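Novice: Take a look and give me a structure for this.
(one chain, ligands or ions: 4)
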Amino acid sequence: MSSPFARNPDLHCHSTVSDGTLAPAALAQRAHAHGVDLWALTDHDELGGLAEARQSAQSLGLRFVPGVEISISFAAQTVHIVALNIDATHPRLLDGLQQIRVGRDQRARDMAADLERHLGLTDVYAGALRHAGNPALLSRTHFARLLVEHGVCRQTHEVFSRYLTPGKPGYVEHEWARLDDALSWIRAAGGIAVIAHPGRYRFTDTEEWALLERFKSLGGQGIEVVTGSHTAAQARKYARIALELGFYASRGSDFHSPGESACDLGRLAPLPADLTPVWDLLH
Ligand code: AMP
Ligand code: MN
Ligand code: MN
Ligand code: MN
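Specialist: Ligands and ions are numbered 1, 2, ... in the order given. You can find the predicted model right below:
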């Protein structure tokens, strides 16, 4: 689908089909305008934006990689697995993601009820839906935008420090997909599995090691090293881990919105030169 070399790849971002604020076509234009030369759309648990993204990228001469960011549970935490270069028509992948979205909807209703109890607001579920481009994909981000609209917080990142996170109002424990199921869907759909933003999780060293080993034993090949979610120190840490464990390294902004995301499309540090880039696997 594409020659492997890339000068400015960005292999992680979100559209209005999940919790981004730009449509897939607008993201393609922004990526291209920022000099991205290999681009993946990776909406949460949803493939509905890929056709528009591919078409827009093609018309711009931008190499496109179809992707998805899958929510799983591991050792009582949520972990995200980015799948790259998937066959977006594969029934096992489609069915698995559909099941995740069903669970999301019930969780959103429970989150809404909890926020109503704590904040004295009404119609929180309907309010969050108003912020969502895709009613099948309600995320905490949509609730965060609603709380900003209500003046509860000034910015979405402030919402995540006071609400919607473990121990805070609006947080609902949730069982996402299993790691081994997600990896089996990705393998079936011919994709490359990548651990998203490993620096964001709150695992002990032992738990983190268990995740990485299990992921690798299930055919996982990549790990995000340079991402909008990592500090420079975290990028160094996961560069070392990529070398130690023989993972291909990925690079992606995790861009969601011009007004919210600290890291814009294509505005990332380069991968450390001693790593093997995950885009070497694309051909
Ligand atoms: P969900 O998949 O519904 O649990 O929502 C997760 C999404 O919430 C992530 O993909 C981010 O877009 C957003 N998010 C989580 N934590 C934060 C944070 N601290 N600041 C800003 N956005 C966050
Ligand atoms: Mn998100
Ligand atoms: Mn993520
Ligand atoms: Mn993401």
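Novice: and stretch 246-259, how far out from the chain's middle?
Specialist: How far stretch 246-259 lies from its chain's middle: 8 Å, per CA atoms, centre = their mean, to the nearest Å.
Novice: now stretch 60-78
Specialist: Worked out by CA atoms, centre = their mean, stretch 60-78 lies 5 Å from the chain centre.
Novice: Can you show me the CA trace of it as PDB?
Specialist: Only the C-alpha atoms of stretch 60-78 are listed here, as PDB (Å, rounded to 0.1, in the frame of the first residue of the first chain):
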ATOM      1  CA  LEU A  60      -4.200  15.000  -1.400                       C
ATOM      2  CA  GLY A  61      -1.500  12.400  -2.400                       C
ATOM      3  CA  LEU A  62      -1.100  11.500   1.300                       C
ATOM      4  CA  ARG A  63      -0.300   7.900   2.100                       C
ATOM      5  CA  PHE A  64      -3.000   6.500   4.300                       C
ATOM      6  CA  VAL A  65      -3.000   3.600   6.800                       C
ATOM      7  CA  PRO A  66      -6.400   2.400   8.100                       C
ATOM      8  CA  GLY A  67      -6.300   2.100  11.900                       C
ATOM      9  CA  VAL A  68      -8.300   1.800  15.100                       C
ATOM     10  CA  GLU A  69      -7.600   2.300  18.800                       C
ATOM     11  CA  ILE A  70      -9.100  -0.600  20.700                       C
ATOM     12  CA  SER A  71     -10.100  -0.300  24.400                       C
ATOM     13  CA  ILE A  72      -9.100  -3.300  26.500                       C
ATOM     14  CA  SER A  73      -8.900  -4.100  30.200                       C
ATOM     15  CA  PHE A  74      -5.700  -5.500  31.700                       C
ATOM     16  CA  ALA A  75      -4.800  -5.900  35.400                       C
ATOM     17  CA  ALA A  76      -7.800  -3.700  36.400                       C
ATOM     18  CA  GLN A  77      -6.800  -0.800  34.100                       C
ATOM     19  CA  THR A  78      -7.900   0.400  30.700                       C
END
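Novice: For the residue in the stretch 51-200 of the chain positioned nearest to ligand 4, the count of nearby residues, please.
Specialist: Using CB to the ion, the single residue of the stretch 51-200 of the chain nearest to ligand 4 is residue 69, 4.8 Å away. Yep, even glycine has a C-beta here, placed from its N, CA and C like the rest. Neighbourhood size, residue 69 [other CB atoms under 10 Å]: 24.
Novice: Assign it to helix, strand or coil.
Specialist: Using DSSP: H, G, I helix; E, B strand; the rest coil, the structure places residue 69 in strand.
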